[in-house]
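>>> Mind looking at a prediction? Sequence and model below.
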Amino acid sequence: MQGTDLADTGLAARGATILNPLLFADLERPEYYFDAHHPNATGRQQITERLVGELLSRLDQRPATGRLR
């Protein structure tokens, strides 16, 4: 996966699900934030929708063990 580093690789080896760090990159624009660090209502909605979509996609692909891939 593009964007992973050694820490992510180690976490994934222990069963952690690692999301692509670029998943929200296009949302890092001023119109989605009310200050330098906190998303506004529109930003939160966009982030939530994208995160839910990614999680549901991964749940659809989980193996019989029930673990996310």
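Sure thing, it's come through.

>>> and the spatially most central residue of the chain, how far is that from residue 13?
Centroid-nearest residue in the chain: residue 19, 4.3 Å away (criterion: Cα atoms, centre = their mean). For residue 19, the distance to residue 13 (Cβ to Cβ, to the nearest Å) stands at 16 Å. No exception for glycine: its C-beta is placed from N, CA and C like everyone else's.

>>> Likewise for residue 54?
Residue 54 is 21 Å from residue 13, by Cβ to Cβ.

>>> Give me the next element, helix or strand, following the lowest-mean-pLDDT helix or strand in the chain.
Here the helix or strand of the chain ranked lowest by mean pLDDT, DSSP states H and E is helix 6-13, holding a mean of 74. Past helix 6-13, further along toward the C-terminus, the next helix or strand under DSSP states H and E is helix 41-60.

>>> what does that next one rub up against?
Helix 41-60 is contacted by residues 17, 19, 23-24, 27, 31-33, 39, 68-69 when judged by Cβ atoms under 8 Å, 6 or more residues apart in numbering.

>>> Produce a ChimeraX select command limited to the buried residues of those.
Per 16 or more other Cβ atoms under 10 Å, the buried members of the contacts of helix 41-60 correspond to this ChimeraX selection:
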select :24,32,39
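
>>> out of the contacts of helix 41-60, what pair is the most spread apart?
31 and 69 (33.5 Å; Cβ to Cβ).

>>> Residue 54 and residue 13: who's more crowded?
Remark: of residue 54 and residue 13, residue 54 carries more neighbours, 15 against 8, as counted by other Cβ atoms under 10 Å.

>>> and the more buried one, how far is that from residue 34?
Residue 54 is 24 Å from residue 34, by Cβ to Cβ.
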